[in-house]
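> Any chance you could fold what I've pasted below:
(one chain, ligands or ions: 2)
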Amino acid sequence: MKAAVLTVQALERESFAPFGDVIETEAAARHFSINEGNTERYHDLARIDPGAEGRAIVSIFRGLPRALPFEISMMERHPRASQAFVPLSGRPYLVAVAPAGPAPRLEDIRVYACRGSQGVNYAAGVWHHPLMALDDVSDFLVIDRDGPGENCDVVQLERTGLITKPEVQAALGGA
Ligand SMILES: NC(=O)N[C@@H](O)C(=O)O
Ligand code: NI
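Ligands and ions are numbered 1, 2, ... in the order given. This is a model prediction of the structure:
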């Protein structure tokens with residue numbers, strides 16, 4: 001069956017809330033001045049959850065750019081813990097997510113175009129596609145879990161979806 005073209009939307013806090021957190025200054029519920037006024041603290045932006053017996057770890061993922069159009073044919077989840085991606089290279093990237101729970105169908109998937117100033121934190125169990133960098137090799141600071149037990153389930157989609165360049169450009173505002 002031919003892959004269906006997926007709608008791409010701009011990442012913002014409210015619409016992403018069912019899947020986790022957006023890590024950006026605009027998403028801060030609280031921010032306040034520290035260091036004698038030299039620094040503004042955008043406070044508590046994401047719920048980092050290493051799960052029972054887990055330890056939160058910090059890594060850097062160096063992702064090769066995905067060529068567009070890109071076919072979404074699988075999704076994964078980390079049932080035991082959250083996983084956060086914060087872009088370090090300042091470039092846009094893509095996120096595809098579906099609610100935690102049963103294996104996602106194509107119609108359950110939401111695709112977001114993320115600016116290089118926006119990070120995401122997937123709540124534990126939220127289905128997502130592995131890192132989708134765009135345009136050039138890009139680094140991401142990743143906060144997720146180390147610990148006992150398997151923490152990555154993968155599913156193949158019965159119907160695949162296509163992420164196209166026009167959809168991505170429209171969501172990024174032509175950026
Ligand atoms: N495998 C791995 O650590 N990366 C994925 O979890 C991902 O979401 O990119
Ligand atoms: Ni992951």
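> what's the single longest helix in the chain?
Across the chain, the longest stretch assigned as helix under DSSP state H is helix 165-171.
> and that one, what other elements does it pack with?
Other elements packing on helix 165-171 under the criterion 3 or more C-beta pairs under 8 Å, 6 or more residues apart in numbering; DSSP states H and E are strand 8-10, strand 110-114. (C-beta placed from N, C-alpha, C; glycine too.)
> who's in contact with the longest one?
Okay, so that is strand 110-114. For strand 110-114, the surrounding residues in contact (C-beta atoms under 8 Å, 6 or more residues apart in numbering) are 6-11, 15-16, 19, 72, 87, 92-98, 120, 161, 163, 167-168, 171-172.
> And residue 1, what's its pLDDT?
At residue 1, the pLDDT value in this model is 74.
> How much space separates it from residue 73?
To residue 73, residue 1 is 12 Å away according to C-beta to C-beta, to the nearest Å.
> Looking only at neighbour counts, state which of the two leads.
residue 73 (13 against 6; other C-beta atoms under 10 Å).
> element containing the more buried one, please.
Take DSSP states H and E as the rule and residue 73 turns out to sit in strand 70-77.
> got the buried residues for that strand?
70, 72, 75, 77 (16 or more other C-beta atoms under 10 Å).
> Tell me the one of these nearest residue 44?
Closest approach to residue 44 among the buried residues of strand 70-77 (C-beta to C-beta): residue 77, at 24.3 Å.
> okay if I get the buried residues of strand 70-77 as JSON lines plus distance to residue 127 and pLDDT?
Output for the buried residues of strand 70-77, formatted as JSON lines (distance: C-beta to C-beta, whole Å; pLDDT from 0 to 100):
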{"residue": "70", "distance to residue 127": "17", "pLDDT": "98"}
{"residue": "72", "distance to residue 127": "11", "pLDDT": "98"}
{"residue": "75", "distance to residue 127": "4", "pLDDT": "98"}
{"residue": "77", "distance to residue 127": "5", "pLDDT": "98"}
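> show me which of those neighbour ligand 1.
Filtering the buried residues of strand 70-77 for neighbours of ligand 1 using C-beta under 6 Å from any ligand atom leaves an empty set.
> For those residues, work out which two are farthest apart.
Every pair of the buried residues of strand 70-77 checked by C-beta to C-beta; the farthest is 70 and 77, at 19.6 Å.
> does residue 52 really touch residue 80, like I thought?
Yes. With contacts counted by C-beta atoms under 8 Å, residue 52 reaches residue 80, the gap being 7.5 Å.
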